[in-house]
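Asks: Turn this into a model:
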Amino acid sequence: TNLDLQPDIKQFNFYDPDTEGKAQVELYLDRYLRGKPGVRVLQRNAKGVIEGEVSVTEPVQGANVYLTLDARIQYITEQALRSVGRGAAVVVNPSNGDVLAMASVPSYDPNTFIPSIKSKDWSELNADETNPLVNRAISAYAPGSTYKVFIALAGLRANKCGSYPCGGGIGIGDVFMKCHAANHGTLGLEDAIKVSCNGYFYRMGIAAGIDNIVAVGNMLGLGQRSGIPLSGESPGILPGPNYLAQVRPRERWTQGYTANTAIGQGEVLASPLQMAMVTAAIANGGTVFYPRLVDRVVDQDGQITLHEPAKVRANLIQDAGLTSDQIERVRRGMWEVVNESGGTGGRARVKGVEVAGKTGTAQNWTVRNGRRTQDNHVWFVAFAPYEKPRYAMAVLVQGAKSGGGVAAPIAGKILEEIMMLPQPALDADEPLIYAMANTTATNPPDTSLESVPNAETRDAEENKVFQLARLDPAPGNFNFIESIDFGRSIPAATTVAE
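Replies: I've put the predicted structure just below:
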């Protein structure tokens, strides 16, 4: 049998001396990164003596993979996120879905796996209760009230976003589901987003119906893996009658389930990446992109062998039947969250930049050392600037009091710094490079995956090269965080006339 003619022969091209990608981008793009081994053919005579060389095929170095990550934004995001012991942040470009930064805390040094990790180091990583091996940016958690921006889109699709009373909550059967306030009064959509009124969203979610919620959620990619080339991505959970029939077939879907879904709790799970992409769709006026992490693959001759274009998942105007004015209502509500007095996200304000966002606090409890401990998952999603947005983002923190007091300041810190970065126009042949300050590293970082391209970027005001320093792995902890203060100067809120 001629092995070269077998249909699966290309799967059997690994040799013991080779290095093979086992996870993350290295796994998904292994065939580009690995290169080709050299071959030397020798000739023996009848006595087994080597008489000479028949042919030589030189080895071919693997290609370079360029990511969409911006090293400056990644560095800023990593630094801000280290103010907490467990969390994640994702920053994307709302115009095309490019992932500009993705950070998870705690973290570990991937260089310990080269060429192979020691048994002692592997045991330490696995014994760490804060789970540094988990990429929280693509893991799923209860999103809390950040989910309300998506629920608002479903309500608008059903034309059910009128005024509703808060009432301090809603009674369903013999259960009273509370709002976090005694009574917000009667609110419209924008104000309900601003003060994050559960009572409003219970009623509006039930009026919109679970079918509308699931339909819009599917368009936004909730409850689904995005296909980003990273290991361990969670699809999350977009609950509905079909989901319930699969996991608990003897139960039936009720209004109570819909009400819980409408405030981002109950069965709902979503990842920071998913919530960043939802925010991007709202920011750009309705275009839902797939997240894009790989920009291109370039071989050693400079030829582009793979280019990943931006991919549109759905268009909320064409596919969901929404109008630009309806999406603007959600955007406006998110603007009020940050900029108006009484909004829950005021600590994300940035001087000179209009930020829009939404806070979320999902109650969560964990058991540690035999004791039940509060371990809330708190969130903030945001985009900026309000007009012509350049960035959309999601921040998650585990073990904190509130999204407004912990996640929003982190988002504000990130946005404040990245909004000051210059925005150079780049040609394909003139990518950026950033100066690497080798303050703690003894060896330069491995650049086989090149998220840092090649020319100088200077600070627009100070005319200094943007400095990047090597970051040691971020340690984790279980501290409960009441609030975060970076010492930033936060602009005053807009006063709303009574």
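Asks: would you list every one of the strands in the stretch 301-450 of the chain?
Replies: 304-307, 312-315, 356-362, 365-368, 371-374, 377-384, 391-398, 435-437, 449-450 (DSSP state E, counting those that start in this stretch).
Asks: any idea of the angle the third one forms with strand 377-384?
Replies: Think strand 356-362. Computed by axes from the mean of the first three to the mean of the last three Cα atoms, to 10 degrees, the angle separating strand 356-362 from strand 377-384 equals 170 degrees.
Asks: So for strand 356-362, mean pLDDT?
Replies: Averaging pLDDT along strand 356-362 gives 97.
Asks: contact partners of it?
Replies: 141-149, 193, 196, 264-265, 283, 331, 334-335, 337-339, 344-345, 348, 376-384, 386, 401-404, 407-408, 411 (Cβ atoms under 8 Å, 6 or more residues apart in numbering). C-beta here means a position set from N, CA and C on the backbone, and glycine is covered the same way.
Asks: Against which helices or strands is the strand or helix carrying Leu468 packed?
Replies: Using DSSP states H and E, Leu468 sits within strand 467-469. Packed against strand 467-469, as judged by 3 or more Cβ pairs under 8 Å, 6 or more residues apart in numbering; DSSP states H and E, are the following elements: helix 71-81, strand 435-437.
Asks: and if we set it to 7 Å?
Replies: Strand 467-469 sits against strand 435-437, with contacts defined as 3 or more Cβ pairs under 7 Å, 6 or more residues apart in numbering; DSSP states H and E.
Asks: State the mean pLDDT of the strand it packs on.
Replies: Mean predicted lDDT for strand 435-437 stands at 40.
Asks: follow-up on the earlier one: among the contacts of strand 356-362, which are in helices?
Replies: Lys148, Val149, Ile193, Ala283, Arg331, Met334, Trp335, Val337, Val338, Asn339, Ala408, Ala411 (DSSP state H).
Asks: what about the fourth one, how many neighbours?
Replies: So that's Ala283. If you count neighbours by other Cβ atoms under 10 Å, Ala283 ends up with 29.
Asks: Which one, of the strands of the stretch 301-450 of the chain, ends up nearest to Ala474?
Replies: Among the strands of the stretch 301-450 of the chain, the nearest to Ala474 by Cβ to Cβ is strand 391-398 (13.0 Å).
Asks: Listing partners with orientation, what would you give for the closest one?
Replies: If you go by DSSP bridges, strand 391-398 pairs up with strand 87-92 (antiparallel), strand 377-384 (antiparallel).
Asks: among the ones you listed, which is the most enclosed?
Replies: strand 377-384 (a mean of 30; mean count of other Cβ atoms under 10 Å).
Asks: Residue ranges in the chain under the pLDDT threshold?
Replies: 1-6, 8-18, 424-465, 495-498 (pLDDT under 70).
Asks: how about the helices of the chain, start to end?
Replies: 24-28, 30-33, 71-81, 119-127, 148-157, 189-195, 198-208, 210-220, 241-247, 255-262, 272-283, 324-339, 408-418.
Asks: Which one of these lies nearest to Val91?
Replies: helix 71-81 (5.7 Å).
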